[in-house]
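[1] Pasting a predicted model and its sequence here:
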Amino acid sequence: MKPWLSAEYDQLFHKIHQLDARVITLAGASPGCGTSTQSMWLARRCAEDQHSVLLIDLDLSGSGQGYPSGPWQSDGTGESDVIIHLDQQLDLLPQPSVHRTILDLRQPQMLAAALERWKKNYHYIICDIGTISTANWQNLPITAISHISDASILCLAAAQTTESELLTSMTKLEQGGVRLLGTLINDKSNPSLSQEIIRVLHGKARWIPETIKRRLIHYLQHNPLLLGKYQ
């Protein structure tokens, strides 16, 4: 199963549709919480309904979408040469490699002008802006995000994102006047249901014969649903 076709992403997409939001930014509360992956999945979900989608890699302090940066400028110069066509409805604009472009995008007026140009060609624009709690001069300021986005989604990682990182991110978004659509929780680091059942079998099910227990554990270790695998 494709993760972006799950019930959770259906609910998220319908919420975006109800709000008539066209520009959605995804921000991470902590490094490595899967913001870039969630951005890609949301972009693919939006493209499933035959809408043209542009995914913009603005994770300027991280690896982002993992594609090489390109020499495009905020006025559109060089964009057509670096845009990556992921499929018929989905394009990816990689991180800018020109420092002038990074400085321009930090200016709300110039970022808004670029956004208006993108909106002429795409119905949905998904912006991966990386971790907002990371102190890095290249990160887009919250004020710029609030000017460009119709709604923002905060990503965090269960069992990894600390309470301090979450509160810091929430405070920044609130102070910047960013409209928060909701929170996506990445539970990759959480134990799967399979692991939890096996833990209980080892700790509290000593009365089960070892032969049966081994068979149960083998089944649990190879069951995709209990392991939390999409495919």
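    Nice, I can see it.

[2] Least confident secondary structure element in this protein?
    helix 142-148 (a mean of 71; mean pLDDT, DSSP states H and E).

[3] domain parsing for the protein?
    Domain segmentation of the chain under automatic domain parsing yields 3-186, 193-227.

[4] I'd like a version of these in a markdown table, one that adds mean neighbour count as further columns.
    In short, each C-beta sits where N, CA and C put it, glycine included. Listed next are these as a markdown table, based on neighbours: other CB atoms under 10 Å:
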| stretch | mean neighbour count |
| --- | --- |
| domain 3-186 | 18 |
| domain 193-227 | 12 |
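
[5] Could you identify which of those domains has the lowest mean pLDDT?
    The stretch with the lowest mean pLDDT among those is domain 193-227, at a mean of 82.

[6] Spatially nearest residue to residue 9, not counting backbone neighbours?
    Leaving aside its sequence neighbours, residue 9 sits nearest to residue 45 (CB to CB, 6 or more residues apart in numbering; 4.6 Å).

[7] For that neighbour, give me its contacts.
    4-5, 9-10, 12-13 (CB atoms under 8 Å, 6 or more residues apart in numbering).

[8] Name the residues that touch stretch 11-25?
    So stretch 11-25 is contacted by 42, 45-46, 49, 115, 119, 123-127, 129, 145, 148-153, 178, 181-182, 184 (CB under 8 Å, 6+ apart).

[9] Those residues in helices, which ones?
    42, 45-46, 115, 119, 145, 148 (DSSP state H).

[10] out of these, who's nearest residue 75?
    Comparing the ones in helices among the contacts of stretch 11-25 against residue 75 with CB to CB places residue 115 closest, at 12.6 Å.

[11] which ones are touching that closest one?
    So residue 115 contacts 23, 125, 148 (CB under 8 Å, 6+ apart).

[12] Quick check: the second one touching residue 52?
    No. If you go by CB atoms under 8 Å, residue 125 and residue 52 don't touch, sitting 9.8 Å apart.

[13] could you list every residue that touches the nearest residue to residue 84 once chain neighbours are set aside?
    Leaving aside its chain neighbours, residue 84 sits nearest to residue 92 (4.3 Å; criterion: CB to CB, 6+ apart). By CB under 8 Å, 6+ apart, the contact set of residue 92 is 54-57, 65, 67, 83-84, 86.
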